[in-house]
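> Sequence plus the predicted model coming up.
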Amino acid sequence: MYTPILFLIIFPALFLYYKKKKSTPINWPVLGMLPGLLAHRNRIHDFITECLQQNGGTFVFKGPWFGNMDMFYTCDPANIHYILSKNFQNFTKGSGFKKILDILGDGIFMAEFESWEKQRKIAMSLFNQAGYQKFVGATIWRKVDSGLISILNHFSEMGMEVDLQELFQRFSFDCSCILILGHDPASLHVDLPYMREEKAFADAEEAVLRRHLRPEWLWQLEKWFQMGKEKKLSEAKKNLDLFISDCISLKSQKFKKMQHVLTDDENQDLDSLTSYMRLELAEKDAPKISEQTWKDTVLNLIFAGKDTISAALTWLFWLLATNPVEETKIRQEISTNLPANDAGKRKFSDTDELKKLVYLHGALCETLRLFPPLGLQHKAPMEADTLPSGHQINPNTKTVLSFYSMGRMESIWGEDCLEFKPGRWITDQGRIKTEPSFKFTAFNGGPRSCIGKEMSFTQLKIAAASIISRFKFEIVENHPKSPSSSVVLLMKHGLKVKVSKI
């Protein structure tokens, strides 16, 4: 009869104890390490990093006996290389991961083996089609010129504070929809209109990370009763499904009216959805692609590009605002290599000219090292295995690769690992230094490395160079800075700044 009373007394005490304690949590009977995890649930990425730092880069989290929450964490480059590349075939996403990310259906993120290979091959053919990179550059520049620059001009003239992260989220959402769906939702407007579908992505990302850190039975129960984050996730699914269905329907109607869709007409649509339809039409023997497959495909692609771009831009401008010397170097590089025209303006859509911005490239790499958009990745071995670190791992063990922690390891990046130093990415000859993907994991590694890496750098450089050459930002005093508890590493409280023209 005393057990419930003891639990009510002991659990809160352990919770308060770990709120002040930064060390590997104790594995308590019955409760496991859950008290330590809950105490740091609002700073989960830093908590995981501290545990890994104290345990040589690999750490086994023991959950409560009733929760099936045991997890294997690692940021050891040798383990990362082994899991992502050397023994890639043994480490799948696992059935548990598919349940957690059921919102993505059977798209490329969730697909395995033959399905994944087919989807990746198709995506690569679309990204490599003639004129696509030019299409990307022109699309991004138009949205920067008509959206970001005009809005920042407005806030500068009004002397008002603005949340840069929100602007970047709207910017990347619009760009992703244009590039993938051929549809501009026009969320990047000076009035900052409420966009139901854009908000749905944020709600989904928070719920997904919450599922990672909780027993399946608990979030399934909340899903059944439509409570908390699970209720928001269900609403997000409906809103995204409706939005994408409408876009596909409109695009299908337009596609049927198009003539000469298989010609080399430079004016033909190059968005991913149109290209998928054109590819299906070209392959006469290809199986009919269902509407659900279309939905899963484009939703996965939007997830891949939307908040990853906005997160990188947000952290870049926070780092530049807190490191003004580095910001000045980048501004000088832009002025030297991309001179203004007679009207005193610069256009940043030429992807070849962007290659001259070496120091900006280094700053972006440094940002992605410290704040990779996807801070964690989930894997599960199909068969028992032994990692290079010597750890034994059983089949179906939840294996979490902490990319966020890797950027904070002295053993990987040296004693200055916490410093923002774009120069670490530049050789003595003034060229970009290439690091192995199992050390710099922002774009994943091995066979599943990101196929949109160059496209991402193009988008980031166009937006960053355009803004840095025109504006300067001052972070609002006492504005809190911490990563959000979301699957995408955004700023928890946004990035409030005051804007001034240069």
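Cool, the structure landed. Everything quoted here is computed from the prediction, not taken from an experiment.
> The stretch 351-500 of the chain: strands as residue ranges?
Counting by DSSP state E, counting those that start in this stretch, the stretch 351-500 of the chain has strands at residues 376-381, 385-386, 392-393, 398-402, 471-475, 496-501.
> The fourth one vs strand 376-381, what angle?
Same thing as strand 398-402. On the basis of axes from the mean of the first three to the mean of the last three C-alpha atoms, to 10 degrees, strand 398-402 is oriented at 140 degrees to strand 376-381.
> before we move on, what about the last one?
Relative orientation of strand 496-501 and strand 376-381, computed by the same axes, to 10 degrees: 120 degrees.
> who touches strand 496-501?
Residues outside strand 496-501 that contact it (C-beta atoms under 8 Å, 6 or more residues apart in numbering) are 152-153, 155-156, 159, 161-164, 317, 321, 470-476, 479. Using the backbone N, CA and C atoms, a C-beta is placed for each residue, glycine as well.
> Buried among those residues? Make that a PyMOL selection.
Selection of buried members from these for PyMOL, criterion 16 or more other C-beta atoms under 10 Å:
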select buried, resi 152+155+156+162+163+164+317+321+470+471+472+473+475
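> wait, which of the strands of the stretch 351-500 of the chain is closest to residue 62?
Nearest of the strands of the stretch 351-500 of the chain to residue 62, taken as C-beta to C-beta: strand 398-402 at 11.8 Å.
> and residue 159, how far is that from residue 474?
To residue 474, residue 159 is 12 Å away according to C-beta to C-beta, to the nearest Å.
> wait, I meant residue 395
Note on residue 395: its distance to residue 474, by C-beta to C-beta, is 53 Å.
> before we move on, what about residue 393?
Relative to residue 474, and taking C-beta to C-beta, residue 393 is found at 48 Å.
> quick one: low-confidence ranges for this structure?
Filtered on pLDDT under 70, the chain yields the residue ranges 1-23, 258-268, 283-289, 341-345, 349.
> can you pull the contacts of the residue nearest to residue 497 when sequence neighbours are not counted?
Nearest residue to residue 497, sequence neighbours excluded (C-beta to C-beta, 6 or more residues apart in numbering): residue 473, at 4.2 Å. Neighbour list for residue 473: 164, 317, 320-321, 497-500 [criterion: C-beta under 8 Å, 6+ apart].
> just residue 309 next, same as before
Here residue 309 is in contact with 168, 171-172, 175-176, 373, 456, 459-460, 463 (C-beta under 8 Å, 6+ apart).
> Could you rerun that using 7 Å?
172, 456, 459-460 (C-beta atoms under 7 Å, 6 or more residues apart in numbering).
> who's the residue nearest to residue 497 bridged to?
For residue 473, the beta-bridge partners are residue 499 (DSSP bridges).
> How much space separates it from residue 354?
22 Å.
> again, but for residue 257
Distance from residue 257 to residue 354, by C-beta to C-beta: 36 Å.
> same thing with residue 332?
16 Å.
> Counting neighbours, go ahead and name the busier of these two.
The neighbour count for residue 332 versus residue 354, taken as other C-beta atoms under 10 Å, is higher for residue 354 (20 against 11).
> Is it correct that that one is in contact with residue 459?
No - judged on C-beta atoms under 7 Å, residue 354 makes no contact with residue 459 at a distance of 10.4 Å.
> neighbours around residue 253, how many?
9.
> If we go by neighbour counts, what in the host helix or strand of it is buried?
Assigned by DSSP states H and E, residue 253 belongs to helix 228-257. Neighbour counts over helix 228-257 (16+ other C-beta under 10 Å) mark 229-230, 232-237, 239-241, 243-244, 247-248, 251, 255 as buried.
> same question, stretch 112-127
116, 119, 122-123, 126-127.
> got the contact list for it?
Contacts for stretch 112-127 (C-beta under 7 Å, 6+ apart): 92-93, 106, 108, 111, 272, 275, 279, 451-452, 455.
> ok, the nearest residue to residue 484 once chain neighbours are set aside to residue 281 distance?
Distances taken as C-beta to C-beta, 6+ apart put residue 492 closest to residue 484, at 4.2 Å, once the chain neighbours are dropped. Remark: distance between residue 492 and residue 281 (C-beta to C-beta) = 46 Å.
> now do residue 134
Relative to residue 281, and taking C-beta to C-beta, residue 134 is found at 23 Å.
> for residue 358, same thing?
In this view, residue 358 and residue 281 are 42 Å apart by C-beta to C-beta.
> Residue 471 now?
As judged by C-beta to C-beta, residue 471 and residue 281 stand 45 Å apart.
> Same check on residue 337?
Residue 337 sits 43 Å away from residue 281, going by C-beta to C-beta.
> what do you get for residue 58?
On the measure of C-beta to C-beta, residue 58 and residue 281 end up 50 Å apart.
> Residue 59 too?
Counting by C-beta to C-beta, the gap from residue 59 to residue 281 is 51 Å.
> What of residue 458?
According to C-beta to C-beta, residue 458 stands 28 Å off from residue 281.
> ditto for residue 151
Counting by C-beta to C-beta, the separation of residue 151 from residue 281 is 39 Å.
> Same question for residue 95.
Distance from residue 95 to residue 281, by C-beta to C-beta: 35 Å.
> Residue 133 too?
Applying C-beta to C-beta to residue 133 and residue 281 gives a distance of 23 Å.
> Which of the two has more residues huddled nearby?
Remark: of residue 133 and residue 281, residue 133 carries more neighbours, 17 against 12, as counted by other C-beta under 10 Å.
> How about the contacts made by the residue lying closest to that one once chain neighbours are set aside?
In this structure, residue 133 finds its nearest non-sequential neighbour in residue 351, 5.7 Å apart by C-beta to C-beta, 6+ apart. Contact analysis of residue 351 by C-beta under 7 Å, 6+ apart lists 133, 137, 458.
> Kindly reformat those as CSV containing distance to residue 40.
Below are the contacts of residue 351 laid out as CSV (distance: C-beta to C-beta, whole Å):
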residue, distance to residue 40
133, 43
137, 42
458, 37
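> before we move on, back to that, just name the closest of the buried residues of stretch 112-127 to residue 485, please.
Of the buried residues of stretch 112-127, the one sitting nearest to residue 485 (C-beta to C-beta) turns out to be residue 116, at 28.6 Å.
> pretty sure that closest one is in a helix, no?
Yes - assessed by DSSP: H, G, I helix; E, B strand; the rest coil, residue 116 belongs to a helix.
> do you know how far it is from residue 456?
Counting by C-beta to C-beta - residue 116 and residue 456 are separated by 20 Å.
> now swap in residue 38 and tell me
The gap separating residue 38 from residue 456 is 35 Å, by C-beta to C-beta.
> And for residue 143?
Between residue 143 and residue 456 the computed distance is 15 Å (C-beta to C-beta).
> need the contact list for residue 347.
Here residue 347 is in contact with residue 141 (C-beta under 7 Å, 6+ apart).
> Quick check: phi and psi at it.
phi -120, psi 130 (degrees, to the nearest 10).
> which one of the contacts of residue 351 is nearest residue 484?
Nearest to residue 484 among these, counting by C-beta to C-beta, is residue 458 at 25.9 Å.
> Pull the number of nearby residues for that closest one.
Per other C-beta under 10 Å, the neighbour tally for residue 458 reads 19.
> looking at it, it is touching residue 137, isn't it?
Yes - look at residue 458 against residue 137 with C-beta under 7 Å: they come within range, at 6.0 Å.
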